[in-house]
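Asks: Give the three-dimensional model of this entry:
(2 chains)
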Amino acid sequence: MSDTPPAGPTGQIPGGDGDNALEFRDPEKAEAIADRLAELADNVSDPPATIMHVCGSHEQSIAKFGLRSMLPDSVRLIMGPGCPVCITNMPEVDEAVALAEAGVTVATYGDMLKVPGTTKSLDDARAEGADVRVVYSAADAAEIAEEEDGEVVFFATGFETTAAPTASVILNNPPENFSVLSSHKYVPPAMEIVAEMPDTDIQGYLAAGNAAIITGSGIFEGIVDEHDLPVVVGGFEPLDILAGITKLVEMIGNDEAAVENAYPRCVTEEGNQQAQQQLWEVFETEDGEWRGIADIPDANLVLRDEYAEWDARARFDIETAHLRDESAARLADDCICGDIMSGKAEPTDCEMFGEECTPDDPVGACMVSSEGTCKIWHEYGGHPDI
Amino acid sequence: MKIMCLGVPGEVKSVEGVQATVDFWGVEKEVRLDTVDSPVEPGDYILNHVGFAIRRIPDDEIDETMALYESFMNEDPDDLLAEDVMDEIESGGTVPAGSAGGLAADEEEPADEEDAEDLLEELDINV
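Replies: Presented below is the predicted three-dimensional model:
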């Protein structure tokens, strides 16, 4: 083996004091995997081997258990566009704000409230008297429509795991005054775009286990074929993540591109067919901008024409020009959220991190959501890999 | 309330059509079953994601799954992961009368060494 990881073998959060230091369930096993990882890392021909994961829950677990401290110097682990709230584009928030200001009841997930639009968030609109409701699920939004006489729009955000539920609601005869403003996103095309970014130079992906419960691990075959890099589907326990990274480093060292399922307890190759069937019955893909990252082909999920009667964009003439006063977006120009989500920069590279931009007063979307890289790093003390 | 990608497991108490009442550590919630790809009955455990079951948890994985989530919540209830899990459990739910509700600490040991061994073997990682 080569380097001894600085704080890894004890399995404790680096810098944690005795009271809140967290033990791995099996520190010896974690140490053994870390040793094996260090050995395999010696085979990497072009270090550092940059591995990107695309899930806020992965980043939470990595930060919480101090997993970066267990990685050898020749392995770099970064978070990509895995926070659905963070990649919702400003003009999409503007559409929701415009609808709310026009007197429509807008229902959405709680963590969308503070996400900045060009000039306003939904929270701002609510403070000014608009009817903005927080819902737990798409089904709850349809229930609000049952109870209300006026129009109710569900501002639908998130990846495949939330798009399938939205589709299910549309397929179950929602009330006539219900419609969906879809900002749902489809992750694989974004992984493909980020894989091609020269500044990022990704050599392998750790894919999100729970999204793959729906999509199946087979969905990543296209990325492997097209971009010649390994994809490992990983779970959320520390040992799951470490094992996934170890497998990736081994494959990178062997110059092997394939899909591996490191979460076989939950993920199958074909996934949840019923949820997929509902998702693709209602939605189709369209090119669209992911906040701060790029205009990504086929990465936005929009309602098919057959379901236009539930599409808020077809039902309403949504006028957002008055919300698009770019000069009013005071600090947004300096926000590097997009670079962080494409793996080109880290939160601590941002001058506003923890200063002008905090969870209480976020400038960028990455500081809003509990799955955003900036908020997670802020929570865990700034730089969770020291 | 949040778009959490982890989801949470719970025990199905009753089923009516595509709607189930599911118990999450004493918090009861209505969960839709039309996104799950296998039949679900009372007594089964499902993985719930924003009010929709995305997976029926096989019987032999229930203990391990529940213990994993309990470990997330009990180790440090104030951290983001624990907050997200508890937020997901508590949002849109009710605590039935007579139930203690909430999230009682549980001493059960989570995912055991054997599971880690299985995974490493599956991935052909020799440690």
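
Asks: which residues in chain B form helices?
Replies: For chain B, helices defined by DSSP state H occupy the ranges B:62-75, B:80-90, B:113-122.

Asks: can you tell which of the ones you listed is closest to A:Glu160?
Replies: helix B:80-90 (17.4 Å; Cβ to Cβ). Every residue, glycine included, has its C-beta placed from N, CA and C.

Asks: Which neighbouring elements make contact with the helix or strand bottoming out on mean pLDDT in chain B?
Replies: The weakest-scoring helix or strand in chain B, judged by mean pLDDT, DSSP states H and E, is helix B:113-122 (a mean of 76). Packing partners of helix B:113-122 (3 or more Cβ pairs under 8 Å, 6 or more residues apart in numbering or on different chains; DSSP states H and E): helix A:27-41, helix A:238-253.

Asks: any idea which of the ones you listed scores lowest on pLDDT?
Replies: Lowest mean pLDDT within the helices and strands packed on helix B:113-122: helix A:27-41, at a mean of 88.

Asks: does that one come close to chain B?
Replies: Yes. With Cβ under 8 Å from any Cβ of the partner chain as the criterion, chain B is reached by helix A:27-41 at A:29, A:32-33, A:35-36.

Asks: Which positions within that helix qualify as buried?
Replies: Buried residues in helix A:27-41, defined by neighbour count with 16 or more other Cβ atoms under 10 Å in any protein chain shown: A:29-41.

Asks: okay, it in PDB with CA atoms only?
Replies: The C-alpha coordinates for helix A:27-41 follow below in PDB (Å, rounded to 0.1, in the frame of the first residue of the first chain):
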ATOM      1  CA  PRO A  27     -13.900   0.700  10.700                       C
ATOM      2  CA  GLU A  28     -11.700  -2.300  10.000                       C
ATOM      3  CA  LYS A  29     -13.500  -3.000   6.800                       C
ATOM      4  CA  ALA A  30     -13.300   0.600   5.800                       C
ATOM      5  CA  GLU A  31      -9.600   0.700   6.500                       C
ATOM      6  CA  ALA A  32      -9.100  -2.500   4.400                       C
ATOM      7  CA  ILE A  33     -11.000  -1.000   1.500                       C
ATOM      8  CA  ALA A  34      -9.000   2.200   1.800                       C
ATOM      9  CA  ASP A  35      -5.800   0.200   1.700                       C
ATOM     10  CA  ARG A  36      -6.900  -1.600  -1.400                       C
ATOM     11  CA  LEU A  37      -8.000   1.700  -2.900                       C
ATOM     12  CA  ALA A  38      -4.500   3.100  -2.300                       C
ATOM     13  CA  GLU A  39      -2.900   0.100  -4.000                       C
ATOM     14  CA  LEU A  40      -5.200   0.300  -7.000                       C
ATOM     15  CA  ALA A  41      -4.600   4.100  -7.300                       C
END
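
Asks: close enough to count as contact, A:Phe159 and A:Tyr186?
Replies: Yes. Taking contacts as Cβ atoms under 8 Å, A:Phe159 lies within contact range of A:Tyr186: 7.2 Å.

Asks: more crowded one of these two?
Replies: A:Phe159 (27 against 22; other Cβ atoms under 10 Å in any protein chain shown).

Asks: wait, what's in contact with the more buried one?
Replies: By Cβ atoms under 8 Å, 6 or more residues apart in numbering or on different chains, the contact set of A:Phe159 is A:84, A:184-187, A:211, B:5.

Asks: Pull up the per-residue confidence for the closest residue to A:Gly292 other than its chain neighbours.
Replies: What sits nearest to A:Gly292 in space, not counting adjacent residues and going by Cβ to Cβ, 6 or more residues apart in numbering or on different chains, is A:Gly338, at 2.1 Å. With respect to pLDDT, A:Gly338 scores 87.

Asks: With A:Glu59 instead?
Replies: 92.

Asks: Look at it and tell me its secondary structure.
Replies: helix (DSSP: H, G, I helix; E, B strand; the rest coil).

Asks: Report the contact partners of it.
Replies: Here A:Glu59 is in contact with A:53, A:79, A:82, A:371, A:373, A:376 (Cβ under 8 Å, 6+ apart).

Asks: can you do 7 Å?
Replies: Shown in contact with A:Glu59 (Cβ atoms under 7 Å, 6 or more residues apart in numbering or on different chains): A:53, A:79, A:373, A:376.

Asks: was I right about the second one contacting A:Thr50?
Replies: No. In this structure, A:Met79 is not within contact of A:Thr50 by Cβ atoms under 7 Å, at 11.7 Å.

Asks: residues contacting A:His212?
Replies: Heads up, residue A:212 is Ala, not His. The contact partners of A:Ala212, by Cβ under 7 Å, 6+ apart, come to A:233, A:267, A:271.

Asks: Show me which residues of the stretch 101-250 of chain A are close to chain B?
Replies: A:109-111, A:134, A:136-137, A:139-140, A:157-158, A:161-162, A:164-165, A:168, A:208, A:210-211, A:213-214, A:236-237, A:239-240, A:243, A:246-247 (Cβ under 7 Å from any Cβ of the partner chain).

Asks: Please name the nearest non-neighbouring residue to A:Ile219.
Replies: Spatial nearest neighbour of A:Ile219, chain neighbours left out: A:Pro188 (6.0 Å); criterion: Cβ to Cβ, 6+ apart.

Asks: part of a helix, is that neighbour?
Replies: Yes. The assignment for A:Pro188 is a helix, going by three-state DSSP.

Asks: For it, give me its contacts.
Replies: A:219-220, A:222-223.

Asks: And those residues, which of them are buried?
Replies: Buried positions within these, assessed by neighbour count (16+ other Cβ under 10 Å), are A:219-220, A:223.

Asks: of all these, which comes closest to A:Tyr263?
Replies: Closest to A:Tyr263, out of all of these and judged by Cβ to Cβ, is A:Phe220, at 12.4 Å.

Asks: quick one: the closest one from A:Val194, how far?
Replies: Applying Cβ to Cβ, to the nearest Å, the value for A:Phe220 to A:Val194 is 14 Å.

Asks: longest single strand anywhere in the chain?
Replies: Just going to use chain A. strand A:294-303 (DSSP state E).

Asks: meant chain B actually
Replies: strand B:8-16.

Asks: Ignoring the adjacent residues along the chain, who's closest to the residue of the stretch 251-386 of chain A found nearest chain B?
Replies: Chain B sits closest to A:Gln274 of the stretch 251-386 of chain A, with a gap of 4.1 Å, by Cβ to the nearest Cβ. In space, and not counting its chain neighbours, A:Gln274 is closest to B:Asp37: 4.1 Å by Cβ to Cβ, 6+ apart.

Asks: Many thanks, I have nothing further to ask.
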